[in-house]
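Enquirer: please find the sequence and the predicted model below.
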Amino acid sequence: MSLLRDLRRHLGWKLFLTYFAIIAVAGIVLITAAELHMPLAFERHLAAMATEMGDAATLEQDLFRNFRQATIESVGLSIGAATVLALALSVYVSRRISSTVRRVMLAARRIAAGHYDERIRIDEDREVDEVGQLAIHFNQMAAALDRIETRRQELIGNVAHELRTPLTSIKGYMEGLIDGVLPAEPATFERIRMETDRLQRLVSDLQELSRVEAGIVPLELRPVSMSALVANTVEHLETQFVEKGVVLETQAAPRLPRVRADEDRLRQVLLNLVGNALQYTPAGGRVIVRAWASAEFVHVEVSDTGIGILPEHLPRLFDRFYREDHSRSRAGGGSGIGLTIARHLVEAHGGKITVHSAGLGQGSSFAFSIPIA
Ligand code: ADP
């Protein structure tokens with residue numbers, strides 16, 4: 001019973017028995033064919049030799065017996081040798097195949113137990129067959145899972161970190177109020193309100209981020225006038241620029257073609273870029289919003305004369321929670337999610353978003369493109 005169960009459960013045994021069955025069938029066929037064919041062949045040859053041998057019935061019988069013996073001996077020997085060789089080969093082949101499958105199985109078990117760094121060792125120099133391909137694809141799958149898990153852990157760490165700062169401030173203010181260290185006056189409550197605003201912003205940004213990353217933000221694509229959108233956004237932010245003492249300028253090419261976009265989402269991207277430009281440009285600086293068209297896209301560029309970005313930060317600026325200088329940006333209330341959302345939204349429209357900066361103190365420029373309607 002247990003032998004039968006073992007047989008059913010082990011690929012190596014199954015392969016081995018398959019080879020064994022093939023050898024057995026081949027042996028039976030060989031012996032049967034020899035048995036059936038041998039007397040006829042012998043009769044034929046004997047008839048051909050009858051003239052030389054004369055009529056000797058006993059000699060004929062002797063000859064037949066010896067010939068039969070010799071044939072069975074040589075066929076038996078060949079079958080024996082072939083069986084030993086074939087069995088050795090079958091053990092080798094079935095071991096090789098089943099060992100890779102076995103390694104895949106063990107690795108899968110370890111990954112299921114949470115060891116995402118598990119990989120199957122693959123002999124690089126060897127030609128890979130389908131079983132080898134299985135191991136390679138398995139490793140690729142494991143690497144993808146590993147990346148997802150790392151990102152998940154990073155996300156939890158980042159979210160916890162981001163929540164901690166405003167919560168600690170609120171707790172500090174509250175304790176100060178209770179202990180009577182802080183005066184119970186509007187300015188204190190205003191600070192608490194600012195921190196809760198920050199928390200609220202963070203939570204809604206996170207919600208938005210998870211939606212855009214999952215690709216479940218429905219876009220209502222319609223022909224949208226980019227010049228109207230730019231004018232609109234600039235007008236909306238004008239007062240904040242005036243208050244900070246930063247000049248905001250628009251340079252839109254005349255008769256821009258309409259783009260195929262979700263107007264609200266596009267406004268969100270533009271507001272984020274112009275808002276950042278304002279945030280990272282000190283008083284006395286200048287922000288320019290340009291818009292122009294190429295064959296298939298309308299391009300918008302928001303450039304500023306602000307603090308600029310170090311070259312090493314540029315490639316990761318659109319990663320979530322990435323801030324060029326954590327302490328500096330946090331003071332301004334940023335969480336490093338805005339650009340990630342902007343990139344997802346632009347890409348969902350079929351466009352691209354890029355950043356350039358000559359370095360610290362050299363200003364920055366962000367540009368995105370949206371397909372023409
Ligand atoms: P945040 O909410 O922190 O502004 P973003 O995703 O919008 O998040 O931006 C990520 C980081 O990119 C910012 O923290 C800042 O370091 C950098 N950054 C964005 N825009 C500018 C800009 N115009 N000038 C300089 N640095 C910028």
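Expert: Ah, there it is.

Enquirer: what's the pLDDT at whichever residue of the stretch 101-250 of the chain sits closest to the ligand?
Expert: At 7.8 Å from the ligand, Asp205 is the closest residue in the stretch 101-250 of the chain, using CB to the nearest ligand atom. C-beta: built from backbone N, CA, C; applies to glycine. On pLDDT, Asp205 comes in at 87.

Enquirer: and Met1, by the same measure?
Expert: The model's pLDDT for Met1 equals 60.

Enquirer: and the nearest residue to Ala283 once chain neighbours are set aside, how far from Ala295?
Expert: Of all residues not flanking Ala283 in the chain, Gly245 sits nearest, at 3.7 Å (CB to CB, 6 or more residues apart in numbering). For Gly245, the distance to Ala295 equals 39 Å [CB to CB, to the nearest Å].

Enquirer: same thing with Pro282?
Expert: For Pro282 relative to Ala295 (CB to CB), the value is 38 Å.

Enquirer: okay, those two: which has more neighbours?
Expert: A count of neighbours by other CB atoms under 10 Å puts Pro282 above the other of Pro282 and Ala295, at 12 against 5.

Enquirer: so which bits of the stretch 251-373 of the chain are right by the ligand?
Expert: 272, 276-277, 280, 304, 306-307, 309, 317, 322-324, 329, 334-340, 364 (CB under 6 Å from any ligand atom).

Enquirer: can you name the next helix or strand after the least confident helix or strand in the chain by mean pLDDT?
Expert: Least confident element among the helices and strands of the chain, by mean pLDDT, DSSP states H and E: helix 326-331 (a mean of 46). Downstream of helix 326-331, the next assigned helix or strand under DSSP states H and E is helix 338-348.

Enquirer: any idea which element the residue nearest the centre of the chain lies in?
Expert: Geometric centre of the chain, nearest residue: Ala144, 4.4 Å, by CA atoms, centre = their mean. Ala144 belongs to helix 130-179 when assigned by DSSP H and E.

Enquirer: could you point out which element follows that helix?
Expert: That would be, after helix 130-179 and using DSSP H and E, helix 186-213.

Enquirer: chain center to the helix or strand following that following helix, what's the gap?
Expert: Next helix or strand after helix 186-213 toward the C-terminus (DSSP H and E): strand 222-224. Its chain's C-alpha centre and that of strand 222-224 lie 33 Å apart, by CA atoms, centre = their mean, to the nearest Å.

Enquirer: so what does the helix or strand just after strand 222-224 touch, helix or strand wise?
Expert: Next in sequence after strand 222-224, counting helices and strands by DSSP H and E, comes helix 226-244. Helices and strands touching helix 226-244, by 3 or more CB pairs under 8 Å, 6 or more residues apart in numbering; DSSP states H and E, are strand 247-252, helix 263-279, strand 286-293, strand 297-304.

Enquirer: make sure the residue nearest to Ala283 is actually in contact with Val287.
Expert: No: judged on CB atoms under 8 Å, Gly245 makes no contact with Val287 at a distance of 11.8 Å.

Enquirer: looking at the two, which one has more neighbours?
Expert: It is Val287, of Gly245 and Val287, that has more neighbours when counted by other CB under 10 Å, with 26 against 11.

Enquirer: from Gln268, how far off is that one?
Expert: From Val287 to Gln268 the distance is 18 Å (CB to CB).

Enquirer: circling back: what number of residues lie near the residue of the stretch 101-250 of the chain closest to the ligand?
Expert: The burial count assigned to Asp205 is 19, neighbours taken as other CB under 10 Å.

Enquirer: can you check the pLDDT for the residue nearest to it when sequence neighbours are not counted?
Expert: Nearest non-adjacent residue to Asp205, counting by CB to CB, 6+ apart: Ile337, 4.5 Å away. Per-residue pLDDT puts Ile337 at 88.

Enquirer: for Ile337, what are phi and psi?
Expert: Main-chain torsions, Ile337, degrees, to the nearest 10: phi -110, psi -30.

Enquirer: surely it meets Leu206?
Expert: Yes: using CB under 8 Å, Ile337 makes contact with Leu206 at a distance of 7.0 Å.

Enquirer: neighbour-wise, which of those two wins?
Expert: A side-by-side neighbour count of Ile337 and Leu206, using other CB under 10 Å, places Ile337 first with 22 against 18.

Enquirer: distance check, Asn126 against Leu229.
Expert: If you look again at residue 126, you'll see it is Arg, not Asn. 59 Å.

Enquirer: try Ala293
Expert: Ala293 is 14 Å from Leu229, by CB to CB.

Enquirer: also Thr71?
Expert: Remark: distance between Thr71 and Leu229 (CB to CB) = 96 Å.

Enquirer: neighbour count winner among those two?
Expert: Leu229 (23 against 17).
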